[in-house]
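1. Following is a predicted model, sequence given first.
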Amino acid sequence: MLKKVARWVVPGACAAVAVWVLATRWGSVLSAHPAYLVLLLAVGAAGLLGLIRPVRFRWLVLPLVLVVPLAWLRPFPADGTPLAAGVQVVDRWDSIELRPERGTPTEGLVFFQGARVDARAYLPLLSRVAERGALVVVVKAPLDFAVLAPTSGLLDEHPWITRWTSAGHSLGGVAASSFAADDDRVRGLLLWASYPSQDLSGRDLDVTSISGDRDGFTTPQDVLDKRPLLPADTRYEVVPGAVHAFFGDYGPQPGDGEPSTGRANAQDRIVEVSAEALGL
C-alpha cells in the first residue's frame, strides 16, 4: 500500500516543485547559469513521466532526493531597479558584463553574487561603479552559489585591463577571496557584507570591507572576528543602519536585521566606497 501511494506522491512532488519554481521565478531561472534550469527540467520531466506511466520506485529516488534542495534553491529575484545610464550590458550564459560607454577602462571588477540571489540584483549598484570607468564582470554561478563558479580563464578575455579587483556579497565574498588568493593578477579585494574563509593576512592585496551595522547575517561581530584573516591595512567601512539585503536590489531577506536608514542612502555609500576601492 505504501509503495502504491509513493508511486503517485513522489512523482507528483517532483513535478510540482519544478512547476512552482519555474512559475514563480521564471525570469530569474532563465537569466541565471543554466545548471538550475537543467535540474528543474530533469526532475520535473521525471515526475511527469512517473505520473503518466508509473515506474519502479527506485527510478524516482534521485529526483526525490533533489526535490527539497531544488525548492530551497529558488532564488531571490531582482526587483527591476533601473541601471545607471552610460553603461553597456553584455549578457552571456555564464556572466554579465557592464562596460562604460565612454573610453576604454583599465580597471576591472569581478563580482560574485550572494547565495540564492539573482545575479541581476547587483546590476543597479555595480552599473554605478562601471559608469565611473570600470569594466564589471558579474559571474553567474551554477545554482546561484558563488563557490561553485568556474573561474579558469575569466580574466583572459579582457587583456586590456591592467588592474583587477575581486569582489562579492556574502557567500560571494568567500568566492572572491579565494579567487584573489589564486590569481596573481588580482590586486584588490572588495567585500560586501562578507569575510574570507582563508588567511589572507600575508597577501599583497588592497582590501576594502563594507558592512552594515544592522546586518542579520554578516554581523558586526562576524566582521570583527575575521579581521585577523585580512591584511593589517584593510579599510573597514561600516554603513550605519544598513542590512544584508541593502547590498543588492532583491527586496527583504528573511532573517535579516531591521534597517535604521533608507536603502537609497545606504547604497549611495556602498557605491562611493566601492568606487574609491577601485581608484575611481
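-> Structure received.
2. how about the helices in the stretch 101-250 of the chain?
-> 123-130, 171-182, 220-225 (DSSP state H, counting those that start in this stretch).
3. List of residues touching the last one?
-> To tie it back to what came earlier, the one meant is helix 220-225. 195, 209, 211, 213, 236, 238 (CB atoms under 8 Å, 6 or more residues apart in numbering). Backbone N, C-alpha and C define where each C-beta goes, glycine included.
4. and that helix, how far from the chain's centre?
-> 21 Å (CA atoms, centre = their mean, to the nearest Å).
5. now L143: how far from A119?
-> Distance check for L143 against A119: by CB to CB, to the nearest Å, it reads 12 Å.
6. returning to that earlier point: mind putting the contacts of helix 220-225 into JSON lines with distance to D256, neighbour count and pLDDT?
-> Below are the contacts of helix 220-225 laid out as JSON lines (distance: CB to CB, whole Å; neighbours: other CB atoms under 10 Å; pLDDT from 0 to 100):
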{"residue": "Y195", "distance to D256": "17", "neighbour count": "21", "pLDDT": "97"}
{"residue": "S209", "distance to D256": "19", "neighbour count": "25", "pLDDT": "99"}
{"residue": "S211", "distance to D256": "13", "neighbour count": "25", "pLDDT": "98"}
{"residue": "D213", "distance to D256": "13", "neighbour count": "17", "pLDDT": "96"}
{"residue": "Y236", "distance to D256": "21", "neighbour count": "14", "pLDDT": "98"}
{"residue": "V238", "distance to D256": "16", "neighbour count": "15", "pLDDT": "98"}
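7. Mind checking which of the residues you listed land in strands?
-> 209, 211, 236, 238 (DSSP state E).
8. As TSV, these with distance to S201 would be great.
-> Listed next are these as TSV, based on distance: CB to CB, whole Å:
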residue	distance to S201
S209	13
S211	18
Y236	14
V238	20
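9. of all these, which comes closest to R163?
-> S209 (19.0 Å; CB to CB).
10. Touching, that closest one and L229? I think so.
-> No. At 10.7 Å, S209 does not count as touching L229 under the criterion of CB atoms under 8 Å.
11. Give me the common contacts of those two.
-> Y195.
12. In the stretch 101-250 of the chain, where is pLDDT below threshold?
-> Applying pLDDT under 70 to the stretch 101-250 of the chain picks out no residues at all.
13. So which residues of it form strands?
-> 107-112, 134-139, 163-169, 186-192, 206-212, 235-239 (DSSP state E, counting those that start in this stretch).
14. and the fourth one with strand 107-112, angle?
-> Computed by axes from the mean of the first three to the mean of the last three CA atoms, to 10 degrees, the angle separating strand 186-192 from strand 107-112 equals 50 degrees.
15. And A84, how far from A121?
-> Plainly put, A84 is 15 Å away from A121 if you go by CB to CB.
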